[in-house]
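Visitor: My questions are about this predicted structure, shown below with the sequence.
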Amino acid sequence: MIEIIFLFPLLGNFQFGVAREAPYWFLASAPALALLAGCGDGNIDNYRADSETGRWYSVEQVSAGAEVFAAHCAECHGDAAQGATTDWRERLLDGSFPPPPLNGSAHAWHHPLPVLLRVIDEGGIALGGQMPAFGAALAEDDKLAAIAWFQDFWSDETYSQWLMMGGVN
Ligand code: HEC
C-alpha cells in the first residue's frame, strides 16, 4: 500500500481517477494510527508510546538489545544491523537469501512485531533459509530488546510506515 501511495506522484498526471483516492485512504487510516500511537493494546502487554523514545520500546530495552544482538545476531546481520550485503534480494548459490539488513534499509519494516518475533522464534532453516531458530535459546524480553535495538536505527518515517503495516499488533 505504501509503495502504491508513493507511486501516485508519478502516475498522477495520467490517472487522475486513481490519484484522487489517495487522500481518502489517508483519512481512513488516521484514526487507526491515532489509536495505535495513543493506546496500542496489541500483543505487547501494556503498550504505550514511551515518553523518551516516542516508540513502543524504552531506552533500557535498546541498550539491553545491543548486548543480545552482538551476542546472537551480529555475526550474520552485521554489528550495526546493516546486513551481510545491500543485495539482500539476490539469492545465494544454494537458493537461500543472505542475512538482510535490519536497520530499516531493507524489508523488515513490512513485518508487524508478532511476525518479527515469529521469525526470531522459528528462524528460516525449516523454510530452506539460513537463520537459526531462537525460540528456546532466548527469553522473550531478550527477543523484544533485540528488535528494539535494530528498530532504533529506523528513521521516524520508516517507523510510521511500520505502524501502518501493523506495528505492534
Ligand atoms: C546464521 C546467520 C543468522 C543469525 C545468527 C541470525 N540471523 Fe536473522 N536472518 C538470517 C537470514 C539468512 C535471514 C533471511 C531468511 C533466512 O534465510 O532464514 C534472516 C532473517 C531475519 C529477519 C527477517 C528480516 C526480513 O526482512 O524479513 C529478522 C527480523 C531477523 N533475521 C532477525 C534476527 C535476530 C534478531 C537475530 C539474533 C537473535 C538473528 N536474526 C540471527 C541469518 C541469521
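Guide: Perfect, I can see it now.
Visitor: The closest residue to the ligand within the chain and Phe97, how far apart?
Guide: The nearest approach of the chain to the ligand comes at Gly124, 1.9 Å away (C-beta to the nearest ligand atom). In this view, the C-beta of every residue, glycine as well, is placed from N, C-alpha and C. Using C-beta to C-beta, to the nearest Å, one obtains 8 Å as the distance from Gly124 to Phe97.
Visitor: Comparing the two, which shows the higher neighbour count?
Guide: Each of Gly124 and Phe97 has its neighbours counted (other C-beta atoms under 10 Å); Phe97 has more, 19 against 15.
Visitor: The more buried one is in contact with Gly129, isn't it?
Guide: Yes. Between Phe97 and Gly129 there is a contact at 6.5 Å, judged by C-beta atoms under 8 Å.
Visitor: So the closest residue to Tyr57 other than its chain neighbours, which state does it fall into?
Guide: Of all residues beyond its chain neighbours, the one nearest Tyr57 is Ala148 (3.5 Å), with distances taken as C-beta to C-beta, 6 or more residues apart in numbering. Secondary structure for Ala148, judged by DSSP: H, G, I helix; E, B strand; the rest coil, is helix.
Visitor: Count the residues that sit near Ala148.
Guide: 25.
Visitor: give the contact list for it.
Guide: With contacts defined as C-beta atoms under 8 Å, 6 or more residues apart in numbering, Ala148 is in contact with Arg55, Trp56, Tyr57, Ser58, Gln61, Val62, Ala64, Gly65.
Visitor: Just the residues you listed: which are in strands?
Guide: Here DSSP state E is the test, and the contacts of Ala148 give no hits in strands at all.
Visitor: No more questions from me, cheers.
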